[in-house]
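>>> Need coordinates for the following:
(one chain, ligands or ions: 2)
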Amino acid sequence: MKILMISAEAVPFAKTGGLADAVSALAIALHKEGHDVRILMPRYYGIDKSKLTLLEGPMGLPGGYKEEWTAVYTAVMSGTKNLRVYFIDHEQAFGHDGVYGTADESDFHDNPYRFSILCQAAFQLCKKLSWFPDIMHAHDWSAALVPVLLRFNERRGVFAKTASVLTVHNLGYQGVYGKHNYPFLGLAWEHFYASGFEDWDKINFLKAGLTSADMLTTVSPTYASEIQGSEQGFGMDGLLRSRKDDLVGILNGVDTDVWNPSSDKKIPVQYSVKSLAKKKQNKAALQKAMGLEVNPDVPLITMVTRLAHQKGIGELFGPSYGCAYDMCTKMNVQFAVLGSGEKWCEHELLALQSKLPNLRCRIGYDDALSHLMEAGADFFLMPSRYEPCGLNQMYSLIYGTLPIVRRTGGLADTVQNYNEKTGEGTGFMFDLLTPQSIFDTVGWAVYAWYNKKEHIEQMKKRAMAQRFGWAESAQKYEELYKKALLKV
Ligand code: ADP
Ligand code: GLC
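Numbers count the residues shown, from 1 in each chain. Ligands and ions are numbered 1, 2, ... in the order given. Okay, here's the model as predicted:
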């Protein structure tokens with residue numbers, strides 16, 4: 001099959017979260033299966049042009065308010081034979097820092113314009129290449145205009161046999177903007193309601209994509225059912241229920257070339273289930289790197305995360321009500337956090353660090369440290385409010401670091417709760433998101449660490465034996481693509 005992935009992020013070029021990992025890994029897995037997969041993304045200012053090849057000639061986008069002129073760069077994805085990535089170059093839209101925004105402007109005011117350029121470029125690029133995909137696979141709200149343009153403008157002539165798929169990596173971000181942005185999209189006003197763009201008299205990119213794509217997916221089976229309910233549906237649950245026969249949850253995999261404790265060059269000591277004792281050396285290295293007491297006899301809990309509401313940061317670090325302070329004063333533990341995001345939370349973490357010798361934080365984005373945080377820890381904490389899939393709990397399992405998670409979305413699909421009678425399970429889970437339940441569940445894990453050492457050892461081994469292959473997920477996407485094609 002010929003498949004074009006459209007995404008705002010893809011590793012190694014631009015990443016703000018798991019979307020970037022998921023898009024590239026899925027493309028690579030499908031490429032390995034023999035499909036002609038290509039990725040289209042913006043050339044952000046930070047992506048070095050000199051390492052890319054310029055396609056000949058400018059490319060015009062006639063669809064929006066006025067004709068826009070772009071250039072197209074390309075590169076082959078490293079580690080693949082010839083998986084092509086195309087980059088849309090447009091100074092006004094992408095010639096500055098930030099994928100969706102910056103620290104000062106978290107959501108650029110011109111995002112509707114920026115991402116409509118990305119989406120319109122998908123069609124012009126195919127025409128320029130005379131390459132017409134079977135599937136246009138859009139990821140998240142920023143690419144959600146693609147299925148809409150296909151349905152209302154392009155599904156005739158050269159795209160007559162092209163089907164669209166939209167994957168929701170996070171329903172919490174929908175791309176809702178003022179209706180004055182509608183003319184940028186390249187859609188006639190007569191489609192304002194039918195396209196699904198109208199949302200309380202604003203425009204909603206994701207809603208339009210969910211209305212118009214031939215098939216819909218999300219990144220875990222549990223999240224696929226949760227988003228059809230009002231609690232996790234972010235206002236889209238009715239629409240999603242109406243499309244339930246076209247909605248599939250497919251779990252993300254893990255790229256084991258990058259995340260594998262026995263070959264990971266970003267950690268000081270490689271280890272496997274057979275040499276688990278070596279994990280202690282990584283613990284010592286992590287304690288040292290974070291400025292914690294180097295002590296093998298205290299359980300070390302880590303977190304690597306966007307500091308966002310989604311991740312349960314209020315319940316953990318909220319001034320006066322979060323449980324992190326109690327955790328670190330009432331339990332004999334160490335707690336290390338790597339993250340960046342909401343300013344209040346960054347400040348609160350620094351304030352906690354100044355009071356607590358056993359809590360250390362690193363504010364910022366640090367890929368190498370994120371590997372050590374997985375390899376050196378005993379437990380990994382993810383008290384997410386919702387979690388479409390979540391990658392870190394899977395990395396934790398593979399690294400023999402037991403996840404402590406809320407039972408939601410992909411966390412519920414990948415972690416098995418500890419059974420203290422039998423010692424079964426791969427992690428520790430709770431249902432209700434409150435400071436008290438996080439505190440209690442961490443306490444439960446810490447109790448087991450001190451008092452049920454044999455259970456903890458068995459759980460680590462069981463966790464490390466888990467497999468989260470992309471190949472199986474890629475096969476499920478293939479099935480889904482076939483279904484989408486039947487709709488054209
Ligand atoms: P989300 O996409 O919602 O942020 P995921 O668990 O799917 O959550 O993916 C997060 C990805 O981003 C993981 O690969 C994680 O290691 C990485 N990550 C998040 N914050 C940081 C950080 N501060 N430094 C390094 N890596 C980070
Ligand atoms: C989103 C979700 C996360 C998921 C990732 C990749 O950012 O928050 O749970 O793992 O996308 O699909």
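>>> For the stretch 301-450 of the chain, which residues are neighbours of ligand 1?
Within the stretch 301-450 of the chain, the positions near ligand 1 by Cβ under 6 Å from any ligand atom are 304-306, 338-340, 365-367, 370, 389-392. C-beta coordinates here come from the backbone N, C-alpha and C atoms, glycine included.
>>> 5 Å - rerun?
With Cβ under 5 Å from any ligand atom as the criterion, the stretch 301-450 of the chain meets ligand 1 at residues 304, 306, 338-339, 365-366, 370, 390-392.
>>> CSV for the residues you listed, including distance to Glu479 and neighbour count?
Shown next, in CSV, are those (distance: Cβ to Cβ, whole Å; neighbours: other Cβ atoms under 10 Å):
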residue, distance to Glu479, neighbour count
Val304, 33, 26
Arg306, 31, 16
Leu338, 37, 20
Gly339, 36, 24
Tyr365, 35, 15
Asp366, 38, 15
Ser370, 33, 20
Gly390, 23, 29
Leu391, 23, 23
Asn392, 28, 25
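>>> farthest-separated two in the residues you listed?
Maximum pairwise distance in these, criterion Cβ to Cβ, is 19.3 Å, between Asp366 and Gly390.
>>> Grab the longest helix from this structure for me.
helix 111-129 (DSSP state H).
>>> CA atoms of that one as PDB?
What follows is helix 111-129 as a C-alpha-only set of coordinates in PDB (Å, rounded to 0.1, in the frame of the first residue of the first chain):
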ATOM      1  CA  ASN A 111      -2.000  27.800  14.500                       C
ATOM      2  CA  PRO A 112      -5.100  27.400  12.300                       C
ATOM      3  CA  TYR A 113      -3.200  29.100   9.500                       C
ATOM      4  CA  ARG A 114       0.000  27.200  10.200                       C
ATOM      5  CA  PHE A 115      -1.600  23.800  10.200                       C
ATOM      6  CA  SER A 116      -3.900  24.400   7.300                       C
ATOM      7  CA  ILE A 117      -0.700  25.000   5.300                       C
ATOM      8  CA  LEU A 118       0.600  21.600   6.400                       C
ATOM      9  CA  CYS A 119      -2.700  19.900   5.500                       C
ATOM     10  CA  GLN A 120      -3.200  21.600   2.100                       C
ATOM     11  CA  ALA A 121       0.400  20.700   1.300                       C
ATOM     12  CA  ALA A 122      -0.400  17.000   1.600                       C
ATOM     13  CA  PHE A 123      -2.500  17.100  -1.600                       C
ATOM     14  CA  GLN A 124      -0.200  19.400  -3.500                       C
ATOM     15  CA  LEU A 125       2.800  17.300  -2.600                       C
ATOM     16  CA  CYS A 126       1.200  14.100  -4.000                       C
ATOM     17  CA  LYS A 127       0.400  16.000  -7.200                       C
ATOM     18  CA  LYS A 128       4.000  17.300  -7.400                       C
ATOM     19  CA  LEU A 129       5.400  13.800  -7.000                       C
END
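>>> Which strands or helices does that helix pack on?
Helices and strands touching helix 111-129, by 3 or more Cβ pairs under 8 Å, 6 or more residues apart in numbering; DSSP states H and E, are strand 2-6, strand 36-42, strand 59-61, strand 68-76, strand 84-89, helix 91-94, helix 145-149.
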